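Student: Here is my input, please return the structure:
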Amino acid sequence: MTARKGYADLVKAIRAGDQEAEKKAYQIDTDVLNAVKTYIDANPTKLSAAKLLHEFRHYIDESEQEAIFAKADSTFMSFPGISPMVAHLEVLKSVAPGKTFVDFEMPDPKGKMRKLSDYVGQGKKVVLIDFWASWCGPCMHEMPNLTATYKTYRKKGFEIVGISLDKEEEAWLKTIKEKKMDWIHLSDLKGWKSAGGALYGVNSIPCTILVDKDGTILARNLMGDDLNKKLDELFAKK
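Tutor: Next up is the predicted model:
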């Protein structure tokens, strides 16, 4: 799409710390995604709409995908790649709110293997599992909110475990430092093939999983004020 012309240059600028580039990339991402969603919603019987859904599947919320499939006809559903998307929605049921978190093992920034259970379900902290990537415009746009939330609630018993979908170690570590993401970080540097991402059915980022002290999943994709309100509620009960 013409709206994404020069996007690669913006990504380079973002990695160099250009905040204006971040804003421009976020706006481009938002405009393109809104146009795609509008087209898909208006054309539940067309293969072209199914193709767009598959191409943008990592950026369209799962609840929105379910709504699309509910309206789609057999032609739409026959597009290659749609069946795995439907199967993915089934995976989400195993990590839905009310379920116990699923454990996995992954390297930390120093290369040491760590289990998610080293930090989650220990009976000590409410943990936000945050799936993100340095190249993700919406992730970078949300990061100032997340860092503010961390500063506000960490002493009350809140922790974040960031799971990066980066492939380049340098970009991953540089972003952690520059964005002052002073929490726990893990990554197998496999991008969308991340083992942790697969277990949690991560199909778009940023994606967050809020887990209570006992390891029970409380909510998915809470961000900004919604996350803060939930944390206020949780810590008021403690």
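Student: so residue 123 touches residue 213, yeah?
Tutor: Yes - if you go by Cβ atoms under 8 Å, residue 123 and residue 213 touch, sitting 5.2 Å apart. (C-beta placed from N, C-alpha, C; glycine too.)
Student: Lowest-scoring secondary structure element of the chain by mean pLDDT?
Tutor: The weakest-scoring helix or strand in the chain, judged by mean pLDDT, DSSP states H and E, is helix 7-15 (a mean of 78).
Student: and for the helix or strand just after that one, what are the contacting residues?
Tutor: Downstream of helix 7-15, the first helix or strand assigned by DSSP states H and E is helix 19-42. Here helix 19-42 makes contact (Cβ atoms under 8 Å, 6 or more residues apart in numbering) with 1, 3-4, 7, 10-11, 13-14, 49, 52-53, 56, 59-60, 64, 68, 137-138, 140-141.
Student: so where's this structure uncertain?
Tutor: Filtered on pLDDT under 70, the chain yields the residue ranges 1-5, 237-238.
Student: Would you map the helices across it?
Tutor: According to DSSP state H, the chain carries its helices in the segments 7-15, 19-42, 47-55, 62-71, 74-77, 82-92, 137-153, 169-178, 195-199, 224-237.
Student: Which one, of those helices, ends up nearest to residue 206?
Tutor: Nearest to residue 206 among the helices of the chain is helix 137-153 (4.6 Å), distances taken as Cβ to Cβ.
Student: could you say what helices and strands the closest one packs with?
Tutor: In terms of contacts (3 or more Cβ pairs under 8 Å, 6 or more residues apart in numbering; DSSP states H and E), helix 137-153 is packed against helix 19-42, strand 126-132, strand 158-164, helix 224-237.
Student: is it possible to export these to a markdown table including distance to residue 186 and mean neighbour count?
Tutor: Below are the helices and strands packed on helix 137-153 laid out as a markdown table (distance: least, Cβ to Cβ, whole Å; neighbours: other Cβ atoms under 10 Å):
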| stretch | distance to residue 186 | mean neighbour count |
| --- | --- | --- |
| helix 19-42 | 24 | 16 |
| strand 126-132 | 10 | 25 |
| strand 158-164 | 6 | 23 |
| helix 224-237 | 20 | 13 |
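Student: Perfect, that will be all.
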